[in-house]
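Provided below are the primary sequence and the corresponding predicted coordinates.
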Amino acid sequence: MPRSTLPLIYSCSGCSNVAQLANTLAVRLDRSGLAEMSCIVGVGGHVAALVNKARSGRRIFALDGCPLQCVENCLKQHGLHADVHLILSHYGLRKRYGEDCTEAQGDELFEGIRQLIASDARQHESLQETMA
């Protein structure tokens, strides 16, 4: 799949364990060619090129670490909403400072998100064909 057709993925990268896991997962999805990671800080900071990318019409996946939902709130500043929004602390992870999530937790979430991206792509393609 050409990179320009991949979904965009935005992640939290705050100072808690779940925030850092969100960032790690986004990097893994980007490096695996499943999504294109873009900069949510640039969107929140009103950087034109990054806001334009977010507004490009590509599917948006948001990975927030906790219920503060910083990623979703950055998108809302520009009237945008994620097509798929995951809050990692809703998946049995407890927000903590000064420690990391385990590799096993990251691997389990990565696999779930990988499957979610594939399922979302199939559903989106099906909808596009129906509307054509």
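That came in fine, so what should we check first? Nothing here was measured: the structure is a model prediction, and the numbers come from that model. Numbers count the residues shown, from 1 in each chain.

by contact count, what packs against the helix or strand of the chain with the lowest mean pLDDT?
Ranking every helix and strand in the chain by mean pLDDT, DSSP states H and E puts helix 103-131 at the bottom, with a mean of 86. Helix 103-131 is packed against helix 17-31, strand 60-64, strand 84-87, with contacts defined by 3 or more CB pairs under 8 Å, 6 or more residues apart in numbering; DSSP states H and E. Heads up, the C-betas are built off the backbone N, CA and C, glycines and all.

who does the last one pair up with?
Paired with strand 84-87 in the same sheet, following DSSP bridges, are strand 60-64 (parallel).

next secondary structure after the strand it pairs with?
helix 70-76 (DSSP states H and E).

so what touches that following helix?
10-12, 14, 22, 40-41, 43-44, 54, 60, 62-64, 81-82, 85 (CB atoms under 8 Å, 6 or more residues apart in numbering).

how many neighbours does Arg96 have?
Residues within reach of Arg96, counting by other CB atoms under 10 Å, total 11.

hmm, back to that, and the contacts of helix 70-76, which are buried?
10-12, 14, 22, 40, 43-44, 54, 60, 62-64, 82, 85 (16 or more other CB atoms under 10 Å).

closest to Ala121 out of those?
Ranked by distance to Ala121 (CB to CB), the buried ones among the contacts of helix 70-76 are led by Ile60 at 13.2 Å.

pull the contacting residues for the nearest residue to that closest one once chain neighbours are set aside.
Distance criterion CB to CB, 6 or more residues apart in numbering; nearest residue to Ile60, sequence neighbours excluded, is Ala82 at 4.6 Å. Ala82 makes contacts with 10, 60-62, 71-72, 75, as judged by CB under 8 Å, 6+ apart.
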